[in-house]
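Q: Sequence and predicted structure below; questions after.
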Amino acid sequence: MSIPVQAPPGEVVVSPDPLALAKRMARNAWRWAVVPVVGLVVLGVISRHSLNWGDVATWIVAITTLLAFLAAAFAGRVAYDLLKVETTRDLKAAEERGQAAADRQRAEDERAAQRQADRRAQASKVTAWFTTYINNHDQPTWVAAIQNASELPVFDVRVFFYWVNDPGDGRPWTTEQRYASEETILVIPPGRFRHYDLPGRVAAMAKECSDRVYLVAIHFTDANGIHWMRDERAALRDRGGS
C-alpha cells in the first residue's frame, strides 16, 4: 500500500506506507534473525549436560536480550529507510521549487526586456549626424541631418552641436557642447529627413569644419509622449515621459 502526498501539479510523489515497509523488511530480514537463534540452540545442545534451571533462566534472559536487540536494530533500519525516503522527497521538492522560481524569474526578465524593447521601438529609428547638404543656392553647407525612419511622427526636436577634441595620439577623444537650439523642429513625419544648419559663429570656433570636428545630438519626443536623447556618440537614452 502507498500513500500519495502533495506534489507540484501534474505529478504525484508516493511515500511508502510504514507498515508495508516494515512487513517487507521483516520478510527480508528473517534469515539473518535465524542465524543467531540457531547458534544459541547449537550452543545449548553442546552444553546440555550442565543444563539446570539457573541455566534455563540465563538462556531466557539471553534470548530475550537478543530478540530485543534484533527488534531495536529492525526498528532503526525502518526509521533510517523512512528518513531516507523523506529526505529524498524533500530534496526533490526543494529542487522543483528552485526550478520553478528560476523559470518565473526568467519569464519576468523576458517580459521586462520585451517591454523595454517595445518602449524603444520607435525611438531607435530616429537618428542624427553631422554632414554636408546642398542648400537652395546649390552650395554645400554643414548641417545636422535628422532622420525619422519610424512609421510614426516625432515631435519637439532640439539640436545640439558638439566640438570634438581628439588628441591624435591614440588617447580617447572627448566632446564639448558648442551649441543648443532654443527653437524646436515641431514635427518630423514618418520616413522623412530634416536639416538644421550649423550656425556660422559655431563653425568659426574651429580651424576647419568637418564630420571629424563636429558631432550632433538631439532631444525629441516619440508618438507615445516619451522623451529621448540621441547623444553625440549616437547612444539612445530615455529621458522619461509617458
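A: Here it is on my side, so go on.
Q: From now on I want contacts and neighbour counts done on CA atoms only, so please keep to that.
A: Noted.
Q: so what does the host helix or strand of Q99 touch, helix or strand wise?
A: Q99 belongs to helix 53-120 when assigned by DSSP states H and E. On a contact count with 3 or more Cα pairs under 8 Å, 6 or more residues apart in numbering; DSSP states H and E, helix 53-120 meets strand 13-16, helix 18-46.
Q: Around R104, count how many other residues there are.
A: R104 sits with 12 neighbouring residues when counted by other Cα atoms under 10 Å.
Q: now it: how far from E86?
A: For R104, the distance to E86 (Cα to Cα, to the nearest Å) stands at 27 Å.
Q: Next, name the residue at the spatial heart of the chain.
A: Ranked by distance to the mean C-alpha position of the chain (Cα atoms, centre = their mean), the top residue is R106 at 4.8 Å.
Q: which one's the longest strand in the protein?
A: If you go by DSSP state E, the chain has its longest strand at strand 154-165.
Q: who does that strand pair up with?
A: strand 174-180 (antiparallel), strand 185-188 (antiparallel), strand 214-221 (antiparallel) (DSSP bridges).
Q: Quick check: which of these is nearest to E151?
A: strand 185-188 (11.0 Å; Cα to Cα).
Q: now the closest one: how far from the chain's centre is it?
A: 41 Å (Cα atoms, centre = their mean, to the nearest Å).
Q: Give the rounded mean pLDDT of it.
A: Mean pLDDT, strand 185-188: 98.
Q: What residues of that strand count as buried?
A: 185, 187-188 (16 or more other Cα atoms under 10 Å).
Q: Going C-terminal from it, what's the next secondary structure element?
A: Downstream of strand 185-188, the next assigned helix or strand under DSSP H and E is strand 192-197.
Q: Please enumerate residues in contact with that following strand?
A: Strand 192-197 is contacted by residues 141-149, 159, 188 when judged by Cα atoms under 8 Å, 6 or more residues apart in numbering.
Q: Would you convert these into a markdown table that also reports secondary structure and distance to I218?
A: Below are these laid out as a markdown table (DSSP: H, G, I helix; E, B strand; the rest coil; distance: Cα to Cα, whole Å):
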| residue | secondary structure | distance to I218 |
| --- | --- | --- |
| T141 | strand | 19 |
| W142 | strand | 16 |
| V143 | strand | 13 |
| A144 | strand | 9 |
| A145 | strand | 10 |
| I146 | strand | 8 |
| Q147 | strand | 11 |
| N148 | strand | 12 |
| A149 | coil | 15 |
| V159 | strand | 5 |
| I188 | strand | 13 |
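Q: Now the buried members of these.
A: 142-149, 159, 188.
Q: which two in those are spaced the farthest apart?
A: Most distant of the buried ones among the contacts of strand 192-197, by Cα to Cα, are W142 and A149, 21.5 Å apart.
Q: before we move on, the earlier item: distance to Y179 for the contacts of strand 192-197 - can I get that in JSON lines?
A: As requested, these are exported to JSON lines (distance: Cα to Cα, whole Å):
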{"residue": "T141", "distance to Y179": "17"}
{"residue": "W142", "distance to Y179": "14"}
{"residue": "V143", "distance to Y179": "13"}
{"residue": "A144", "distance to Y179": "12"}
{"residue": "A145", "distance to Y179": "15"}
{"residue": "I146", "distance to Y179": "16"}
{"residue": "Q147", "distance to Y179": "20"}
{"residue": "N148", "distance to Y179": "22"}
{"residue": "A149", "distance to Y179": "25"}
{"residue": "V159", "distance to Y179": "8"}
{"residue": "I188", "distance to Y179": "21"}
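Q: What is the nearest of those residues to T175?
A: V159 (15.3 Å).
Q: wait, what's in contact with that closest one?
A: 144, 180-181, 184, 196, 216-219.
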